[in-house]
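Colleague: after the sequence you'll find the predicted model.
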Amino acid sequence: MSESDSGLWLGIDTSTSVTAALARPGHVLASRTVTSGNVHVEQLMPLVSEVVAESGHVLADLAGIVVGIGPGPFTGLRVGIVTAQTLGYVLDVPVRGVCSLDIVALTFAAGRPGRGFTVVSDARRKELYWATYDAAGKRLDGPNVTLPGDVPTGLLVGPAAELYELAGDRVVVPLDPGAIAVDPDRLPDLGTEPLYLRRPDAQVSTSVKTVLAGRPS
Amino acid sequence: MSAPLVLGIESSCDETGVGLVRGTELLANQVASSVDLHARFGGVVPEVASRAHLEAMRPTLERACEDAGVDLSEVDGIAVTAGPGLVSALVVGVATAKALAVSLNKPLYGVNHLIGHVAVDVLDHGPLPSPAIALLVSGGHSSLLRVDDIATDVRELGSTIDDAAGEAYDKVARLLGLPYPGGPVIDKAAAQGNPRAIAFPRGLTAAKDLERHRFDFSFSGLKTAVARWVETRRRDGEDVPINDVAASFQEAVCDVLTAKAIAACEAEGIDDLLIGGGVAANSRLRALLEERATAAGIRLRRPRPGLCTDNGAMIAVVGGAAMVAGVRPSSLDIGVDSGLPVSRIVV
Ligand SMILES: [Zn+2]
């Protein structure tokens, strides 16, 4: 079986936890997540090696890589994206970028919830990243970043569903990139530029503080 | 057996660098800088730099391979800056290096950025003399090092206790209404000015300071003295002679750096002096150091200015030296260390 026929895809996402999965069409072979703290750059590559080895494969067997492009905390997010880009370059396979919240929606919609829902993840600074979906998991609005109080109420789903005391039903659903690696074309390829949603923090500091005694008049 | 072919990645501050080096031979040195994006902030904004690293990494990697005419499969090892530097910027390089090491099945070396600045001169002037004293001056660092072996044995003799030399340049430039980064513009203005026009203080050179801080630097007091002098003139409605201020400030910085570097050589009984780091591209520092080294009978090694600023080739040199010295490769779960001490050459 040639590489491209194997249909073996690696899924990685670092928008929340560090997570990697290996799948072939219709079947997730391995999926691993590390949740503790800021461990993205430390743990991602060991995790990728583990899921590949656990499935009895080598990286050269990959047909492609699908990566979550956020939204998510920036430093960790970039680790996943640059890892996917580099692996794709060396292995000469396609790299597809997908909205990380969409991956959660795919997982949840597979359980046929029968109504629309909102996927939320932790944006830190007392805010949430969110997007709304119909019952089939099709994205309707977002991704956005707002205060928890501005997130649409109803059915809240996702890694941060219980992070704040919000009205309505809440279901914690972790992000598993296996959900997209089994069928990489299920979500549109958005490219590999991160969904930052926020501008960089930067103080424009072109003023000069006085060092003379007393206040300038 | 020929020296190993090493790919080096640098992303500790605002330059995305990828270099390819075989021993002392430079095959490629591609650098993408985000310096222009930081100019209006008057300094490097970590998040802006990190975003730029992500955008530039793959194209820079591709350009370096093309430039060297090297296929990645020919590379023997991957080296990357593991620190010191900006965490959010460093992780882009380290993640890239890990992906390369695993997919190419080659050893990974997470190395010290500062040692890269010291080591890069091998690309211009061949293997380093051992032992040697190294004066390392950049936007983030000012240190005097004793280098016995570039891969295994470097000791810090002294460093700045407040601002780095390059930082002082940026602050004085801003004070004079000159653009960021301050190093090149002050150097240029200083060339038109009188270095003896104003007697600015030389930090940590008084007898009592030399007892505790013989090889340490301090540029904060100098920066304040320049500000006080300039503000006083402005308050009194007098013109500020920018070129003279720049020249006198630069002279104070270079005087201290060179005097302490020569003193370190003499104290350690070492006749070889290296310089490295972005400020090592400064014309006055290079000239004054040459003058004083010659007078003291010390051999001076200065990499070309283009290799003084941050780049991937300098990181590849350290990785190559580590491979040849048989240093154990880094494990796949290394992180980054914003304050990596200079004595840790490979993490
Ligand atoms: Zn540097």
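Modeller: Structure received.

Colleague: what residues does chain A put near the ion?
Modeller: Taking C-beta under 5 Å from the ion, no part of chain A reaches the ion. All C-beta atoms are positioned from the backbone trio N, CA, C, and that covers glycine.

Colleague: got the contact list for residue 100?
Modeller: Unless you meant another one, I'm taking chain A. By C-beta atoms under 8 Å, 6 or more residues apart in numbering or on different chains, the contact set of residue A:100 is A:13, A:15-16, A:68-72, A:121, A:175, A:195.

Colleague: wrong one, I was asking about chain B
Modeller: A:86, A:90, B:7, B:72, B:75, B:78, B:106.

Colleague: can you show me the strands along chain A?
Modeller: Using DSSP state E, the strands assigned to chain A run over residues A:9-13, A:18-24, A:27-34, A:64-68, A:95-98, A:117-122, A:128-133, A:139-146, A:154-158, A:168-172.

Colleague: out of these, which is closest to residue B:176?
Modeller: strand A:139-146 (40.4 Å; C-beta to C-beta).

Colleague: can you show me the CA trace of the closest one as CSV?
Modeller: Output in CSV follows, covering the C-alpha atoms of strand A:139-146 (Å, rounded to 0.1, in the frame of the first residue of the first chain):
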residue,chain,number,x,y,z
ARG,A,139,-21.1,26.5,12.3
LEU,A,140,-23.6,29.4,12.3
ASP,A,141,-21.8,32.2,14.1
GLY,A,142,-18.2,32.7,15.3
PRO,A,143,-15.6,32.1,16.3
ASN,A,144,-15.8,35.0,18.8
VAL,A,145,-14.2,36.0,22.0
THR,A,146,-16.3,37.7,24.7
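
Colleague: which strands and helices lie in contact with that strand?
Modeller: Here strand A:139-146 touches helix A:100-109, strand A:128-133, going by 3 or more C-beta pairs under 8 Å, 6 or more residues apart in numbering or on different chains; DSSP states H and E.

Colleague: can you state the direction angle for it and helix A:100-109?
Modeller: Angle, strand A:139-146 to helix A:100-109, by axes from the mean of the first three to the mean of the last three C-alpha atoms, to 10 degrees: 130 degrees.

Colleague: can you list the residues that contact strand A:139-146?
Modeller: In contact with strand A:139-146 (C-beta under 8 Å, 6+ apart) are residues A:70-71, A:99, A:101-102, A:105, A:116, A:123, A:127-134, A:152, A:195, A:197-198.

Colleague: now do it: distance to the chain's middle.
Modeller: 14 Å (C-alpha atoms, centre = their mean, to the nearest Å).

Colleague: tell me how chain A divides into domains.
Modeller: A:3-99+A:175-186, A:102-172 (automatic domain parsing).

Colleague: residue B:213 contacts residue B:162, doesn't it?
Modeller: No. Between residue B:213 and residue B:162 there is no contact under C-beta atoms under 8 Å: 11.2 Å.

Colleague: any regions of the chain where pLDDT drops low?
Modeller: No chain specified, so I'll use chain A. Where chain A drops to pLDDT under 70, the residues are A:1-6, A:37-38, A:203-209, A:213-217.

Colleague: not what I meant, chain B
Modeller: Using pLDDT under 70, the flagged stretches of chain B are B:1.

Colleague: helices and strands around the lengthiest helix in chain A, which ones?
Modeller: Secondary structure of chain A per DSSP state H: the longest helix is helix A:74-91. Contact partners of helix A:74-91 among helices and strands, from 3+ C-beta pairs under 8 Å, 6+ apart: strand A:9-13, strand A:18-24, helix A:40-54, strand A:64-68, strand A:95-98, helix B:46-68, helix B:87-104.

Colleague: in TSV: those, plus distance to residue B:133.
Modeller: Shown next, in TSV, are those (distance: least, C-beta to C-beta, whole Å):
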stretch	distance to residue B:133
strand A:9-13	46
strand A:18-24	43
helix A:40-54	34
strand A:64-68	47
strand A:95-98	47
helix B:46-68	31
helix B:87-104	28
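
Colleague: return the most buried member of the ones you listed.
Modeller: Highest mean neighbour count among these (mean count of other C-beta atoms under 10 Å in any protein chain shown): strand A:9-13, with a mean of 29.

Colleague: angle of that strand against helix A:100-109?
Modeller: 110 degrees.

Colleague: tally up the residues packed near residue 197, please.
Modeller: Assuming you mean chain A. Residues lying near residue A:197 (other C-beta atoms under 10 Å in any protein chain shown) number 17.

Colleague: to clarify, I was referring to chain B.
Modeller: Using other C-beta under 10 Å, residue B:197 has 15 neighbouring residues.

Colleague: what about the closest residue to it other than its chain neighbours, distance to residue B:186?
Modeller: Leaving aside its sequence neighbours, residue B:197 sits nearest to residue B:244 (C-beta to C-beta, 6 or more residues apart in numbering or on different chains; 3.8 Å). Distance of residue B:244 to residue B:186, computed by C-beta to C-beta, to the nearest Å: 12 Å.

Colleague: neighbour count for those two, which is higher?
Modeller: A direct count of neighbours by other C-beta under 10 Å for residue B:244 and residue B:186 places residue B:186 higher, at 28 against 18.

Colleague: touching, the more buried one and residue B:174? I think so.
Modeller: No. Contact criterion C-beta under 8 Å: residue B:186 and residue B:174 do not qualify, at 10.7 Å.

Colleague: three-state assignment of the residue nearest to residue B:197?
Modeller: helix (DSSP: H, G, I helix; E, B strand; the rest coil).

Colleague: ok, now which ones touch whatever residue of chain A ends up closest to the ion?
Modeller: Closest approach between chain A and the ion, counting by C-beta to the ion: residue A:41, at 20.0 Å. Neighbouring residues of residue A:41 by C-beta under 8 Å, 6+ apart: A:79, B:91, B:94-95, B:98, B:335-336.
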